[in-house]
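> this is a predicted model, with the sequence first.
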Amino acid sequence: MNEVYLKIERGFEILTGFATRILGNCILFILAFCMVIYWWATNLFSSNNMHQNIGDIIFGTTFLSLFIIQKSFNRYSAMIHLKMNELISSHEAANNSVMNTSEKTEKEIIDMTNEYIENVETLNQVIVDELHKIKTENKI
């Protein structure tokens, strides 16, 4: 059962990655822009209902904003991944498994996050123990 879920999850990750790349594509934005202009040109002048015309303008603008926001997000995400990969690869003691996290499933990323949280909790406990040890040594 778990294996089936992981295969479905991997397929969904591939599908969403593909959709993200398509929605951030400039050619698709140009096609959508032309489609919205055509829609406005044919519907705005044929309808006398001002309320519907305003709704159509808002809907078309929102539709085009989706492509602009996705393009911006793709660019920002690529910059963050590049910088993170640079920082990880430049540090000798770094765990290279966190590089290219964009290729991992959400479950793998959550598991890695939980692993780091456990490491931080363990490190905090070690620090508290060491501080307690130093305090007791200084009292004597």
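Good, I have the coordinates.
> from the chain's centre, how far out does the strand or helix carrying residue 59 sit?
Assigned by DSSP states H and E, residue 59 falls within helix 50-90. A distance of 11 Å separates the C-alpha centroid of helix 50-90 from that of its chain, computed with CA atoms, centre = their mean, to the nearest Å.
> what is that helix packed up against?
Identification of packing neighbours for helix 50-90 by 3 or more CB pairs under 8 Å, 6 or more residues apart in numbering; DSSP states H and E yields helix 2-23, helix 26-43. Every residue, glycine included, has its C-beta placed from N, CA and C.
> what angle separates the following helix or strand past that helix from helix 2-23?
Going down the chain from helix 50-90, the next helix or strand is helix 106-139, by DSSP H and E. Orientation check (axes from the mean of the first three to the mean of the last three CA atoms, to 10 degrees): helix 106-139 against helix 2-23 gives 100 degrees.
> list the helices and strands helix 106-139 packs on?
If you count contacts as 3+ CB pairs under 8 Å, 6+ apart, helix 106-139 packs onto helix 2-23.
> convert the C-alpha atoms of the helix it packs on to PDB, please.
Extracted C-alpha coordinates of helix 2-23, given in PDB (Å, rounded to 0.1, in the frame of the first residue of the first chain):
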ATOM      1  CA  ASN A   2       2.800   2.400   0.900                       C
ATOM      2  CA  GLU A   3       4.600   1.600  -2.300                       C
ATOM      3  CA  VAL A   4       1.500   2.500  -4.400                       C
ATOM      4  CA  TYR A   5       1.200   5.800  -2.400                       C
ATOM      5  CA  LEU A   6       4.800   6.700  -3.100                       C
ATOM      6  CA  LYS A   7       4.400   6.000  -6.800                       C
ATOM      7  CA  ILE A   8       1.200   8.200  -6.900                       C
ATOM      8  CA  GLU A   9       3.000  10.900  -4.900                       C
ATOM      9  CA  ARG A  10       6.000  10.800  -7.300                       C
ATOM     10  CA  GLY A  11       3.600  11.000 -10.300                       C
ATOM     11  CA  PHE A  12       1.800  13.900  -8.800                       C
ATOM     12  CA  GLU A  13       5.200  15.700  -8.100                       C
ATOM     13  CA  ILE A  14       6.100  15.200 -11.800                       C
ATOM     14  CA  LEU A  15       2.700  16.500 -12.900                       C
ATOM     15  CA  THR A  16       2.900  19.600 -10.700                       C
ATOM     16  CA  GLY A  17       6.500  20.300 -11.800                       C
ATOM     17  CA  PHE A  18       5.400  20.100 -15.400                       C
ATOM     18  CA  ALA A  19       2.400  22.400 -14.800                       C
ATOM     19  CA  THR A  20       4.700  24.900 -12.900                       C
ATOM     20  CA  ARG A  21       7.100  25.000 -15.800                       C
ATOM     21  CA  ILE A  22       4.300  25.500 -18.400                       C
ATOM     22  CA  LEU A  23       2.500  28.200 -16.400                       C
END
